[in-house]
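Undergrad: have a look; sequence and predicted model below, questions after that.
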Amino acid sequence: GAGVSQSPSNKVTEKGKDVELRCDPISGHTALYWYRQRLGQGLEFLIYFQGNSAPDKSGLPSDRFSAERTGESVSTLTIQRTQQEDSAVYLCASRSGTGAYRAFFGQGTRLTVV
Amino acid sequence: AQKVTQAQTEISVVEKEDVTLDCVYETRDTTYYLFWYKQPPSGELVFLIRRNSFDEQNEISGRYSWNFQKSTSSFNFTITASQVVDSAVYFCALSRITGGFKTIFGAGTRLFVKA
């Protein structure tokens, strides 16, 4: 596609429920990142996928968080048993394997846990 | 470990003033990339610049300029003659070149430009 697409744009969920956030990267981009941005805070790295390599999961805050990516396509970030502190904007970015190494960001999913 | 520090949480200026956003980073890598991104109120992150660690030449793009000093691990960003449309949160970021291009962001500096 023309840009990185994330869905849903907004999600309100009850504490304890599971949520899935979706990211469609730019076609052909081998690298995909997930970041979390709490209100008024900076970007917190969560996980990074690069081609068929094992993902870098070092930023996942707990075992309630997981992410998958099939090949070089869509990625899903899953948060199980959501807590209020999970409320944030979750940003996805993709990057080409060659070239300028800049990341292209989606508009994010605003997650509110009530 | 890598770290990016943007000590200025918020800056407020009047239109046409010059403003400099500070960025200090830590890394053990000898080669790396540095970035600046802009996040306007709409929320979408906009790429501004990428700098290679081995290229210390300063860069100017219109009203924007960047001062990279490897000796002090700083990559500061100056907006000349600021405009209201410059109001946004600005993020400095550091990316590894080896080990997977993991990118770490600073906490961001919120810039308010008043008319």
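TA: Looks like it arrived, so ask away.
Undergrad: return the set of residues that bridge with the closest residue to A:Lys11 other than its chain neighbours.
TA: Spatial nearest neighbour of A:Lys11, chain neighbours left out: A:Leu111 (5.1 Å); criterion: C-beta to C-beta, 6 or more residues apart in numbering or on different chains. In short, each C-beta sits where N, CA and C put it, glycine included. Taking DSSP bridges as the rule, A:Leu111 bridges to A:Lys11, A:Ala88.
Undergrad: does the lowest-mean-pLDDT helix or strand in chain B come close to chain A?
TA: Lowest on mean pLDDT, DSSP states H and E among the helices and strands of chain B sits strand B:59-61, with a mean of 82. No: if you take C-beta under 8 Å from any C-beta of the partner chain as the test, strand B:59-61 misses chain A, and the best it gets is 14.1 Å.
Undergrad: adjacent strands (with direction) for that strand?
TA: Partners of strand B:59-61 in its sheet, by DSSP bridges: strand B:64-69 (antiparallel).
Undergrad: mind listing what's buried along the strand it pairs with?
TA: B:Tyr64, B:Ser65, B:Trp66, B:Phe68 (16 or more other C-beta atoms under 10 Å in any protein chain shown).
Undergrad: export the residues you listed as a markdown table, with columns for pLDDT and distance to A:Gly42.
TA: Converted to a markdown table, those look like this (pLDDT from 0 to 100; distance: C-beta to C-beta, whole Å):
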| residue | pLDDT | distance to A:Gly42 |
| --- | --- | --- |
| B:Tyr64 | 93 | 21 |
| B:Ser65 | 92 | 23 |
| B:Trp66 | 92 | 19 |
| B:Phe68 | 92 | 20 |
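Undergrad: distance to B:Thr31 for these - can I get that in CSV?
TA: Output for the buried residues of strand B:64-69, formatted as CSV (distance: C-beta to C-beta, whole Å):
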residue, distance to B:Thr31
B:Tyr64, 24
B:Ser65, 23
B:Trp66, 18
B:Phe68, 13
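Undergrad: in space, not sequence, find me the middle residue of chain A.
TA: A:Trp34 (3.3 Å; C-alpha atoms, centre = their mean).
Undergrad: the host helix or strand of B:Leu94 vs chain A: in contact?
TA: B:Leu94 is part of strand B:88-96 when elements are defined by DSSP states H and E. Yes: Strand B:88-96 lies within reach of chain A by C-beta under 8 Å from any C-beta, at B:Phe91, B:Ala93, B:Ser95.
Undergrad: list the contacts of that strand.
TA: A:42-43, A:101, B:2-4, B:6, B:21, B:23, B:25, B:27, B:29, B:32-41, B:45, B:48, B:75, B:77, B:101-106, B:108-111 (C-beta atoms under 8 Å, 6 or more residues apart in numbering or on different chains).
Undergrad: what are the boundaries of the helices in chain A?
TA: In chain A, no helices are defined using DSSP state H.
Undergrad: show me where pLDDT drops low in the chain?
TA: If you meant another chain, say so; for now it's chain A. A:1, A:97-101 (pLDDT under 70).
Undergrad: hmm, I had chain B in mind actually
TA: Using pLDDT under 70, chain B drops low at B:98-101.
Undergrad: interface residues of it facing chain A?
TA: Applying C-beta under 8 Å from any C-beta, we find that chain B lies next to chain A at B:6, B:33, B:35, B:37, B:42-45, B:47, B:50, B:91, B:93, B:95, B:100-108.
Undergrad: Throw together a PyMOL command that grabs the buried residues out of these.
TA: Buried subset of these, written as a PyMOL selection, criterion 16+ other C-beta under 10 Å:
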select buried, chain B and resi 6+33+35+37+43+44+45+50+91+93+95+100+101+102+103+104+105+106+107+108
